[in-house]
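[1] From the sequence below, what's the structure:
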Amino acid sequence: MKHHEILIAGFGGQGILFLGRVLAVAGMFEGYEVSWYPSYGPEMRGGTANCTVIISDEEIGATISDRPGICIVMNEPSFFRFTPTVRSGGLLLVNTSLVRAKCEREDLEVLPVPANDLAKLYLNGAEVTNTIILGALLARCPVVQRESAERALVECLRGKREKLYTLNLKALEVGWEFVAKGA
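    Residues are numbered from 1 along each chain as shown. Got it, this is the predicted structure:
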């Protein structure tokens, strides 16, 4: 049985909702039931943003999760708000470029990913930290296949944003390699 409840949180402008959408589309490509539920403050950039993505091989009853099994936190306010909600035994991905706090919970697997630093180091500081985190997630916990995520990037970057596909593909690789090399 496959059932993943994923919460992604940060601030507006970090591509939180885009990351969730890519995961949901990738899940659809693989034939799973999916749910993508965005939530954001009234501000466009700088306000809070989070979304819940559920990928399951069974019908999804609720579109949100009080106890996600996977949580991605891209900034410190999100770390403090959502870390306590992750179910015991869950996976917490932390953008350590922006989150200095340490997780005190011993019942979680914590994957520290310095996404902003990796973007500066390998991608000239491009604003693709969300896709770096996606690559790290898929390398550690393949909620969807990497190839499906790559196809979903094509779908989600249609139109004016099509030119960003190659950059996002490189960002996915950076995140994947960061974990594959022993993060």
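
[2] roughly how far apart are Thr48 and Ile8?
    12 Å (Cβ to Cβ, to the nearest Å). C-beta here means a position set from N, CA and C on the backbone, and glycine is covered the same way.

[3] Name the residue in those two with the higher neighbour count.
    Regarding Thr48 and Ile8, a neighbour count based on other Cβ atoms under 10 Å identifies Ile8 as having more, with 31 against 18.

[4] Just list whatever residues bridge to the more buried one.
    Cys51, Ile72 (DSSP bridges).

[5] where does the closest residue in space to Gly175 that isn't next to it in sequence land in three-state SS?
    Of all residues not flanking Gly175 in the chain, Gly135 sits nearest, at 2.6 Å (Cβ to Cβ, 6 or more residues apart in numbering). Counting by DSSP: H, G, I helix; E, B strand; the rest coil, the backbone at Gly135 sits in helix.

[6] State the distance from Gly135 to Val128.
    Counting by Cβ to Cβ, the gap from Gly135 to Val128 is 10 Å.

[7] Equivalent analysis for Gly31, please.
    Taken as Cβ to Cβ, the span from Gly31 to Val128 is 28 Å.

[8] Which of those two has more residues huddled nearby?
    Neighbours were counted for Gly31 and for Val128 using other Cβ under 10 Å; Val128 has more, 25 against 9.

[9] OK, contacts around that one?
    Contact analysis of Val128 by Cβ atoms under 8 Å, 6 or more residues apart in numbering lists Gly15, Ala119, Leu167, Asn168, Lys170, Ala171.

[10] Quick check, the fourth one in contact with Leu153.
    Yes: with the criterion set as Cβ atoms under 8 Å, Asn168 and Leu153 qualify as a contacting pair; they are 5.2 Å apart.

[11] related to what we said a few turns ago, intersection of neighbour lists for Gly135 and Val128?
    Ala171.

[12] what's in contact with the longest helix seen in the chain?
    When the chain is parsed with DSSP state H, its longest helix is helix 165-180. For helix 165-180, the external contacting residues (Cβ under 8 Å, 6+ apart) are 111, 113, 115, 118-119, 122-123, 126, 128-129, 131-140, 146, 149-150, 153-154, 157.
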